[in-house]
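Trainee: For reference, the sequence and a predicted model appear below.
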Amino acid sequence: MKQNINNPKWNKEYQSCRLCLKLMESHLENELIKNLKHPANLVFVANIYRNCLLQPTFKHEGMNVLKLRSSVLSTDNDEIIKACLTILKALTKLNFKLDSYTDKHLHNIRRTILKDWIDKMPNSKELFQSYNDQLHDYILQ
């Protein structure tokens, strides 16, 4: 069921979540490209993503918790890359489902991303600044 985009509260939460997910996807894609030759460098970042996505807000997205955990914490470079691709797939899947969520659920997703992803990332100040800089334009869309 699509929510009413004419509802300003819902629309603000929806656009905020879209922006958060876009930031998460682009950051992980950049990390993957930058560290493709040295996937072990991805373990720290991938683990932050994993911890964020395994919060109760995201549990219903059908992620295989045990498999993802072992892949992220693996010493096998191929497994680490697969885990990052699984995380990207989950973010994309979530982005396509956002319009079916209530404003309260969207608010919880956004809050979880800000608290369990941005706050934990090594470049959290830059990510938060980027989020704030783009937020106004996103909400006007």
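Mentor: Cool, got the structure.

Trainee: quick one: contacts for I81?
Mentor: By CB atoms under 8 Å, 6 or more residues apart in numbering, the contact set of I81 is 32, 36, 39, 42. Where you see a C-beta, it was placed from the backbone N, CA and C, and this is true even at glycine.

Trainee: now with 6 Å?
Mentor: P39 (CB atoms under 6 Å, 6 or more residues apart in numbering).

Trainee: That one and L23, how far apart?
Mentor: I81 sits at a distance of 21 Å from L23 (criterion: CB to CB, to the nearest Å).

Trainee: cool, and N95?
Mentor: Counting by CB to CB, the gap from N95 to L23 is 12 Å.

Trainee: quick one: which of those two has more around it?
Mentor: Set N95 next to L23 and count neighbours by other CB atoms under 10 Å: L23 wins out with 19 against 16.

Trainee: which stretch of helix or strand covers that one?
Mentor: According to DSSP states H and E, L23 maps onto helix 8-34.

Trainee: residue ranges for the helices of this structure, please.
Mentor: Here the chain has its helices, by DSSP state H, at 8-34, 42-53, 65-72, 77-97, 103-116, 124-140.

Trainee: what would these look like in CSV with mean pLDDT?
Mentor: Listed next are those as CSV, based on pLDDT from 0 to 100:
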stretch, mean pLDDT
helix 8-34, 93
helix 42-53, 89
helix 65-72, 74
helix 77-97, 88
helix 103-116, 93
helix 124-140, 86
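
Trainee: ranking the ones you listed by burial, who's on top?
Mentor: helix 42-53 (a mean of 20; mean count of other CB atoms under 10 Å).

Trainee: Between helix 8-34 and that one, find me the angle.
Mentor: Put simply, helix 42-53 runs at 160 degrees to helix 8-34, going by axes from the mean of the first three to the mean of the last three CA atoms, to 10 degrees.

Trainee: what comes into contact with helix 42-53?
Mentor: Contact with helix 42-53 is made by 31, 35, 68, 72, 80, 83-84, 87, 90, 116-117, 120, as judged by CB under 6 Å, 6+ apart.
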